[in-house]
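Based on what follows, work out the 3D shape:
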Amino acid sequence: MIAAWATVWCVIPSSVWRSAAGFGAGLGMSDEWRELQRIPGTGTVYVLTLSVLSIAFASLTLGLVYPWGERIPPRVPLAGGRDLPTWLVAGLAMAGVVPLAVIVWLSIVNWDVLIGAAGRPTTGWTTLATACYLPATLWPILVTAVTFAYVRRRTAAE
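Numbering: from 1, shown residues only. The predicted structure is shown next:
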């Protein structure tokens, strides 16, 4: 339960940082970087959408610890009220971990470019950005742990 909630909370700081940048907060980013990212403009829509989707997808991890993630809602025609197959839920969760881990890895490798700090001295803003994004690197690890716990719990019950 704690790891599932931690999954949600680990993406919130980066989502807040990204949203603030999208709404025009300077956050130490160069004008060139903002222009390249089209912020303000279409880049704003992108970062806000990415923030909302990040929190939404991280929240799906809660389905691995709450009953709503184990059973099809009764109102669904034909299948309502049936248990979801453990292999399907776990498979979908792990299928999400793979691209997530790749995104985390690529973000780490290209970090200075992503936050617009490439070729610039490290500032307090750079340190704050890193602190906001660092918890998100735990996302694939936490989903993996919660998925294994889900499988262990569900197979023990079957």
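
Helix or strand for the most far-flung residue of the chain relative to its centre, just tell me which one.
The C-alpha centroid of the chain is most remote from L78, which lies 32.5 Å away (C-alpha atoms, centre = their mean). For L78, there is no enclosing helix or strand under DSSP states H and E.

center of the chain - which residue?
Short answer for the chain (C-alpha atoms, centre = their mean): S54, at 3.9 Å.

Quick one: residues in contact with the helix or strand that contains that one.
Applying DSSP H and E as the criterion places S54 in helix 42-59. The contact list for helix 42-59, computed with C-beta atoms under 8 Å, 6 or more residues apart in numbering, reads 7-8, 10-12, 14-16, 18-19, 21-24, 34, 37-39, 96, 136, 139. C-beta: built from backbone N, CA, C; applies to glycine.

Going by neighbour count, which residues in it are buried?
G43, T44, V47, L48, S51, S54, I55, F57, A58 (16 or more other C-beta atoms under 10 Å).

Reformat those into JSON lines and put pLDDT and distance to A90 next to each item.
Formatted as JSON lines, those follow (pLDDT from 0 to 100; distance: C-beta to C-beta, whole Å):
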{"residue": "G43", "pLDDT": "85", "distance to A90": "36"}
{"residue": "T44", "pLDDT": "89", "distance to A90": "36"}
{"residue": "V47", "pLDDT": "89", "distance to A90": "31"}
{"residue": "L48", "pLDDT": "94", "distance to A90": "31"}
{"residue": "S51", "pLDDT": "94", "distance to A90": "27"}
{"residue": "S54", "pLDDT": "94", "distance to A90": "22"}
{"residue": "I55", "pLDDT": "96", "distance to A90": "22"}
{"residue": "F57", "pLDDT": "94", "distance to A90": "16"}
{"residue": "A58", "pLDDT": "95", "distance to A90": "17"}
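
Pick the one among these closest to I72.
The closest of the buried residues of helix 42-59 to I72 turns out to be F57 (C-beta to C-beta; 20.1 Å).

Regarding this protein, what is its longest helix?
helix 86-109 (DSSP state H).

burial of Y150, as a residue count?
Look at Y150: counted by other C-beta atoms under 10 Å, it has 21 neighbours.

Isn't it up against V89?
Yes: between Y150 and V89 there is a contact under C-beta atoms under 8 Å: 6.9 Å.

Assumed V76 was part of a strand.
No: per DSSP: H, G, I helix; E, B strand; the rest coil, V76 lies outside any strand segment and is coil.
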